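>>> Mind looking at a prediction? Sequence and model below.
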Amino acid sequence: MRFKILERLTPTVGDRTEIDDIMSVPLLTQRLLGHQVLDPRWTLRRFLPYQLVIATLFVYVIYGTKIIISQPEARIDVIAEGLYTVLTALICPFKLACLMYTKETFRQLYIMLKTTLYKIIQKDLKTKEAVLKENRKVVFALLWIVALPFWSYQVVALKDYVTGNRRWMSDATDTLLPMTSPYYELGWFFHSAFFAAACCIVMVIDLWFVVLMLYFCKASEVVVKILAVDRIQPDETPLAYAERLDRSLRKFYKNHIKLVKFTLKLSEMWRWMALIPLMNAAMSICNILLVLSHGIDLKFVPHIFPLFCEVFVYSYFGEQLKSKMIEIRTALLEFDWTSLVKKNRQHYYIIVLYVSKEFGLKTAVGHDLSLVTMSTVLKSSYQAFTVMNTVK
């Protein structure tokens, strides 16, 4: 009964599969926040009340933060924490807007994942079991990454509340309510709801990028194995061996076309959505370093981990895409093409030319997603922190 209710709350495009069951927690989170665009019934008009509630909550927090950081006596670390809060509140609507704008592309990608990529992976039982296991680990890791910064604030606030020391959950945000009950608890609830919504919006959307790339990488590994044809057997004629090679080459080509279509859709969707978190991370890490330069703030330290994870994920999987393409080219070049019949050698040459094209995930400003991107973002953040820490 419980699982039936969960299925009704987390519908997606296409037939329901075990992938939908694994992703039920992120899907339910998006459903509660009103942006579960994989639901075929989702429309902006239908879920507009959800967006208005979230927008009101974010405006409330931004206004409360503005009051604190605009005070002449505000410390630099409080200003930096306030700017981090405002930046987070502004980034979320942009990510949601990109997600809603590209919802049709996202739905196509998810259908391709559940059908095309998963069917390729299913041909290798070990790879299938491995990818489902890794998918579960990714979802579990997301829960910890979201919970870490959220509960870091809650634990400190709860400790102060129990000891009778009533203070704002964040020193950089005014709740705009009296510090007496029940207004203090109400402000605490509003601020907690903001952090929970912001963490889920940012990290769940990034989770989808990880999941899509995870299945792409596993499918690429299976496609590479197609070209690993056993050498000619003692009792096998050269013509029979050539036909076996031709069947493998044709199978490889059909599957490779599917991978290319998937990556093109992926690039189309994430050209802006990959740029936003990288820019956010660059600015936010700088602000966090400014806060920590004035002493270790236990409730603020955990925010570093999700930001580093965000930069690493996009950079790592951008690099993985290039690596998988290189593996495919290498496997094709090591293919025993000399044993093909003359007509099929021409087909092989055409496939080699097609596969040799350079491809990678690029942001809207033309930068490749790679490990170089990660080092650039971190370097820029530290340079900005150094300058601001010098002139403060």
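The structure has been received and is ready for your questions. This structure is a prediction, so every number in the text was calculated from the model and none was measured.

>>> how far out from the middle of the chain is the helix or strand encompassing Asn135?
Assigned by DSSP states H and E, Asn135 belongs to helix 125-162. Helix 125-162 sits 14 Å away from the centroid of its parent chain (CA atoms, centre = their mean, to the nearest Å).

>>> and that helix, what does it pack onto?
Here helix 125-162 touches helix 18-22, helix 24-33, helix 118-122, helix 183-226, helix 304-333, going by 3 or more CB pairs under 8 Å, 6 or more residues apart in numbering; DSSP states H and E. Just so you know, the C-beta spots here come from the backbone N, C-alpha and C atoms, and that holds for glycine as well.

>>> following the second one, which helix or strand shows up next?
Next in sequence after helix 24-33, counting helices and strands by DSSP H and E, comes helix 48-69.

>>> I'd like the average pLDDT over that following helix.
Here helix 48-69 scores 91 as its mean pLDDT.

>>> What of stretch 17-31?
What stretch 17-31 shows for mean pLDDT is 90.

>>> Okay, angle between the helix holding Asn135 and helix 304-333 too, please.
Angle between the axes of helix 125-162 and helix 304-333 is 170 degrees (criterion: axes from the mean of the first three to the mean of the last three CA atoms, to 10 degrees).

>>> Of all the residues in helix 125-162, which ones are buried?
Applying a neighbour-count criterion of 16 or more other CB atoms under 10 Å, the buried positions in helix 125-162 are 127-128, 131-132, 134-135, 138-139, 142, 145-146, 148-150, 152-154, 156-157.

>>> Over to stretch 25-42?
Quick answer for stretch 25-42 (16+ other CB under 10 Å): 25-27, 29-31, 33-39, 42.

>>> check contacts around the nearest residue to Leu176 once chain neighbours are set aside.
Among residues not flanking Leu176 along the chain, Gly64 sits closest, at 5.3 Å (CB to CB, 6 or more residues apart in numbering). Taking CB atoms under 8 Å, 6 or more residues apart in numbering, we find Gly64 in contact with 173-176.

>>> Among those residues, which one sits closest to Phe305?
Nearest to Phe305, judged by CB to CB, of the contacts of Gly64 is Thr173 at 21.2 Å.

>>> Assign that closest one to helix, strand or coil.
coil (DSSP: H, G, I helix; E, B strand; the rest coil).

>>> residue contacts, it?
Applying CB under 8 Å, 6+ apart, we find Thr173 in contact with 61, 64-65, 68, 82, 85, 191.

>>> Among the residues you listed, which one lies nearest to Leu332?
Thr85 (50.5 Å).

>>> pretty sure the closest one contacts Met169?
No. At 10.7 Å, Thr85 does not count as touching Met169 under the criterion of CB atoms under 8 Å.

>>> Of those two, which one has the most company?
Applying other CB atoms under 10 Å to Thr85 and Met169 shows that Thr85 carries more neighbours, namely 25 against 22.

>>> Chain neighbours aside, what residue packs nearest to the more buried one?
Once flanking residues are discounted, Thr85 sits nearest to Thr65: 5.0 Å by CB to CB, 6+ apart.

>>> neighbours around that neighbour, how many?
23.

>>> Show the average pLDDT along the helix holding Asn135.
Averaging pLDDT along helix 125-162 gives 80.
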